[in-house]
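Colleague: Sequence and predicted structure, then a few things I'm wondering about:
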Amino acid sequence: MLKKVLIGIGVLVLILGVAVVAMLYVYPKAQIANATHQPAPDFTLRDANGASFRLSEQRGHKVVLYFYRGYW
């Protein structure tokens, strides 16, 4: 009796595993735009001191943007 229960649980786990793998394979993957060698769209933001930051003013320099949500 115990052997049949364990075999049943094993078969169920196997079926669930196959279902999860199938769903991950079929589920649409995130679309990441490839913008290599294309200029970024211009925008203006305020920095932590309130000064304006315009992306187009940084042309020719390497820029790393880090958007921090903060707790305010």
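Modeller: Structure received.
Colleague: Now do the helices in the protein.
Modeller: If DSSP state H is used as the criterion, the helices of the chain fall at 2-26.
Colleague: low-confidence ranges in it?
Modeller: Applying pLDDT under 70 to the chain flags residues 28-35, 71-72.
Colleague: and if we set it to 50?
Modeller: Counting by pLDDT under 50, the chain contains no low-confidence residues.
Colleague: so how many other residues sit close to residue 19?
Modeller: Residues near residue 19, counting by other C-beta atoms under 10 Å, number 10. C-beta here means a position set from N, CA and C on the backbone, and glycine is covered the same way.
Colleague: ditto for residue 41
Modeller: When neighbours are counted by other C-beta under 10 Å, residue 41 comes out with 8.
Colleague: Okay, the closest residue to it other than its chain neighbours and residue 36: tell me how far apart.
Modeller: In space, and not counting its chain neighbours, residue 41 is closest to residue 55: 7.9 Å by C-beta to C-beta, 6 or more residues apart in numbering. Here residue 55 is placed at a distance of 17 Å from residue 36 (C-beta to C-beta, to the nearest Å).
Colleague: residue contacts, the residue nearest to residue 41?
Modeller: 40, 41, 42, 43, 44, 63 (C-beta atoms under 8 Å, 6 or more residues apart in numbering).
Colleague: Just the buried residues of the residues you listed.
Modeller: Among the contacts of residue 55, none is buried by neighbour count (16 or more other C-beta atoms under 10 Å).
Colleague: As a markdown table, those residues with distance to residue 11 would be great.
Modeller: Below are those laid out as a markdown table (distance: C-beta to C-beta, whole Å):
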| residue | distance to residue 11 |
| --- | --- |
| 40 | 53 |
| 41 | 54 |
| 42 | 59 |
| 43 | 56 |
| 44 | 60 |
| 63 | 56 |
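Colleague: What is the nearest of those to residue 5?
Modeller: Relative to residue 5, the closest of the contacts of residue 55 is residue 40; by C-beta to C-beta it sits at 59.8 Å.
Colleague: any idea what sits nearest the closest one, other than its immediate chain neighbours?
Modeller: Excluding its sequence neighbours, the residue lying closest to residue 40 (C-beta to C-beta, 6+ apart) is residue 55, at 6.2 Å.
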